[in-house]
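Undergrad: Structure of the sequence below:
(chains A and B, ligands or ions: 1)
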Amino acid sequence: MARPLSWVPVLDVSHSAVTPFTLRQISVFVRSHNGYGHVLTRSPLPQDFDCPSWTYTAAPIQGPWRMPNASVLVGKLEDPEMDIMLEIPANNPDRSPALIDLAICTAMPGCRWIVYRKPGVGAMAASHAILRLASLYPHASLWLDQPSIGWDLAAYLLAADDRLQLLHIPDQELSQLVDIATALQRPIILHDFGPHKALPMAALPQHAFLPPVPSSDMTSLPVYPGYL
Amino acid sequence: MDTLLRYVVEPLLPPARPLNMVRVLRITTTRQCWMQCAFCDFSQYAPLVGHHTASPAISPDHIQQAVSAASYDLIKVRGGLTVWEPWSYFVQLVRHISSQSRAPIQAFSAVELMHFHRVEKIPLRDMLDELRWAGATSLGPGGGELLVDEWRETVAAHRLRSAEWLSIQQLAMESGLQSRAMLLVFHGITPELIQSHLHALQAIRDLSVIEIKPLRTASSPMAYWDPPHLLELLAVVQAIRTQWPHVDIVMNRTLLSEDALTLLHHHGVNHVYITAKEIG
Ligand code: SF4
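TA: As a prediction, the model looks like this:
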């Protein structure tokens, strides 16, 4: 079966500190996505707070390295065409300094590479860079930042390499992912980076072959409604 | 056959041909049409008798300044179907435009020719010769959206049939007008429809231009129908390129993102219409 396309609902609250209001916002977000959701935050969430998956975007080197359901943004790799953010699961208790060595991170299980297209980079250069990256690191978990990649290039890249996935898809643009899935005949699954099992999305609505036009409208001669 | 149009991934190699940007002056003669094609924004009831609400078609004075003010690579004259002005009026209009500009003129389409042929009983060949005399260089592709009669009867029942459209293109070429084909692409278009259309186009000798039109239905009866997805457009370009490696494939720049344009160019689109000015 074709590899499914991922829909990971993401809420970014990394612009402010975590307050009771932020926690409430996160709960509402997760509840409105059927219990799934991934949150970006720059301060750790309380231990007793129930969040299916989140990324700590500003973890200090000596920070807490064991947080349930959390990942840590460990750094950025740069390339003329793209930026690559590396995230690793925050489950290593020994706070080893090796954790911030990017070369080692890239080989860690569970490491996510989030690829951002740099502004002004053309579709051809960006796609070559991304597909080259995918072929050089066949086992890396590569996620494309949808807003910077754009839907048109994303469609081509997902068609070109089925290991690529999209991240940071705005909810209101989900129909674009559905269109790509339809064209590529791939199912969509709703998930996050937490322990929950992925949820397959319902079958997509399809257009009928021909639009349902009442035949009397189309076979009679047009008459101005004012004369009827 | 698979009912889904499949795009087969191609690596992005340097394009075989450069992308030619064509600056177009678009002249719309009238925005009303009695023909009610479901995919067209002009398809609305127009009264045939009594108190006219149909406004007259565009006048030569109206276009004078725009035509001579700038240089264009192509002037397109098109519009809905009016029963207000006679055929001779439109021939004079084309004549007027050609006297003001040296740009090639794509004037009307098989749909207008068939309409006036029926209404005024003028032989088609005479109408084409008149257009040529007036200064037109090509006949527009209108009416050739999808040359599949079953589809046409459902969404555009009053239009000319595929065979009629094809014969008019052939006559146009014999009169010295360049013939242009088109392909309307909508979301969910099937490989059968595309293949039937491309097969029908084989009847045109020396076909040199195919214009791909993505369905845009903002205010037409088919407004609920989605435009095609980029992967569908790429698949259509591939289907055309397989049959006609050397034909010019044209698309309109409007509503295409920079990325979409790059991808389409790499797959074989080599002309892009940019609307430099629009009148009417
Ligand atoms: S004949 Fe042309 S202008 Fe008239 S409704 Fe059909 S597509 Fe529109």
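Undergrad: Direction included, what does the longest strand along chain A pair against?
TA: Longest strand of chain A, by residue count under DSSP state E: strand A:66-78. Paired neighbours of strand A:66-78 in the sheet (DSSP bridges): strand A:53-56 (parallel), strand A:82-91 (antiparallel).
Undergrad: Reformat those strands into CSV and put mean pLDDT, mean neighbour count and distance to residue B:173 next to each item.
TA: C-betas here are computed from N, CA, C, even on glycine. Formatted as CSV, those follow (pLDDT from 0 to 100; neighbours: other C-beta atoms under 10 Å in any protein chain shown; distance: least, C-beta to C-beta, whole Å):
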stretch, mean pLDDT, mean neighbour count, distance to residue B:173
strand A:53-56, 93, 24, 63
strand A:82-91, 89, 20, 50
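Undergrad: now those strands in JSON lines, with distance to residue B:80?
TA: Output for these, formatted as JSON lines (distance: least, C-beta to C-beta, whole Å):
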{"stretch": "strand A:53-56", "distance to residue B:80": "56"}
{"stretch": "strand A:82-91", "distance to residue B:80": "48"}
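Undergrad: How about the residues of chain A by the ligand?
TA: With C-beta under 6 Å from any ligand atom as the criterion, chain A does not meet the ligand at any residue.
Undergrad: Tell me, please, where in chain A the pLDDT is lower than the cut-off.
TA: The model of chain A has pLDDT under 70 over residues A:1, A:61-64, A:93-100, A:203-228.
Undergrad: And the residue nearest the centre of it?
TA: residue A:167 (1.6 Å; C-alpha atoms, centre = their mean).
Undergrad: That residue: what's its closest spatial neighbour, skipping adjacent residues?
TA: Distances taken as C-beta to C-beta, 6 or more residues apart in numbering or on different chains place residue A:143 nearest to residue A:167, at 4.1 Å, with adjacent residues excluded.
Undergrad: wait, does the longest helix along chain A contact chain B?
TA: Ranked by residue count and defined by DSSP state H, the top helix of chain A is helix A:123-136. Yes: counting by C-beta under 8 Å from any C-beta of the partner chain, contacts between helix A:123-136 and chain B involve A:123, A:124, A:127, A:128.
Undergrad: What about residue A:37, how many residues nearby?
TA: Using other C-beta atoms under 10 Å in any protein chain shown, residue A:37 is surrounded by 24 other residues.
Undergrad: Surely it touches residue A:25?
TA: No: Residue A:37 is beyond contact range of residue A:25, at 10.8 Å (criterion: C-beta atoms under 8 Å).
Undergrad: any residues in contact with both of the two?
TA: Counting by C-beta atoms under 8 Å, 6 or more residues apart in numbering or on different chains, the common neighbours of residue A:37 and residue A:25 are residue A:11.
Undergrad: sec struct for the closest residue to the ligand within the stretch 101-250 of chain B, please.
TA: Closest contact between the stretch 101-250 of chain B and the ligand, by C-beta to the nearest ligand atom, is at residue B:111 (4.6 Å). At residue B:111 the chain is in helix, as set by DSSP: H, G, I helix; E, B strand; the rest coil.
Undergrad: So residue B:212 lies in a strand, does it not?
TA: Yes: with three-state DSSP as the criterion, residue B:212 is part of a strand.
Undergrad: How about it: which residues does it bridge to?
TA: For residue B:212, the beta-bridge partners under DSSP bridges are residue B:183.
Undergrad: Looks like it contacts residue B:248 (just checking).
TA: No: using C-beta under 8 Å, residue B:212 is not in contact with residue B:248; the gap is 11.1 Å.
Undergrad: quick one: which of the residues of helix A:123-136 next to chain B is nearest residue B:167?
TA: residue A:123 (41.5 Å; C-beta to C-beta).
Undergrad: For the longest strand of chain A, what is the distance to the chain centroid?
TA: In terms of C-alpha atoms, centre = their mean, to the nearest Å, the centre of strand A:66-78 is set 16 Å apart from its chain centre.
Undergrad: if we can go back for a sec, and the longest helix of chain A, what's buried?
TA: Neighbour counts over helix A:123-136 (16 or more other C-beta atoms under 10 Å in any protein chain shown) mark A:123, A:124, A:125, A:126, A:127, A:129, A:130, A:131, A:133, A:134 as buried.
Undergrad: One more: stretch B:156-173?
TA: Within stretch B:156-173, the residues that count as buried by 16+ other C-beta under 10 Å are B:156-160, B:162, B:164-166, B:168-169, B:171-173.
Undergrad: Kindly format the C-alpha coordinates of the worst-scoring helix or strand of chain B on mean pLDDT as CSV.
TA: One helix or strand of chain B scores below all others by mean pLDDT, DSSP states H and E: helix B:60-69, with a mean of 82. Extracted as CSV, the C-alpha positions of helix B:60-69 are listed here (Å, rounded to 0.1, in the frame of the first residue of the first chain):
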residue,chain,number,x,y,z
PRO,B,60,-13.8,50.9,-32.0
ASP,B,61,-13.4,54.3,-30.1
HIS,B,62,-13.2,52.4,-26.9
ILE,B,63,-10.1,50.4,-27.9
GLN,B,64,-8.4,53.0,-30.1
GLN,B,65,-6.1,54.4,-27.4
ALA,B,66,-5.1,51.1,-25.8
VAL,B,67,-4.3,49.4,-29.0
SER,B,68,-1.9,52.1,-30.2
ALA,B,69,-0.5,53.1,-26.8
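Undergrad: Could you list the buried residues of that helix?
TA: Buried positions in helix B:60-69, judged by neighbour count with 16+ other C-beta under 10 Å: B:63, B:66, B:67.
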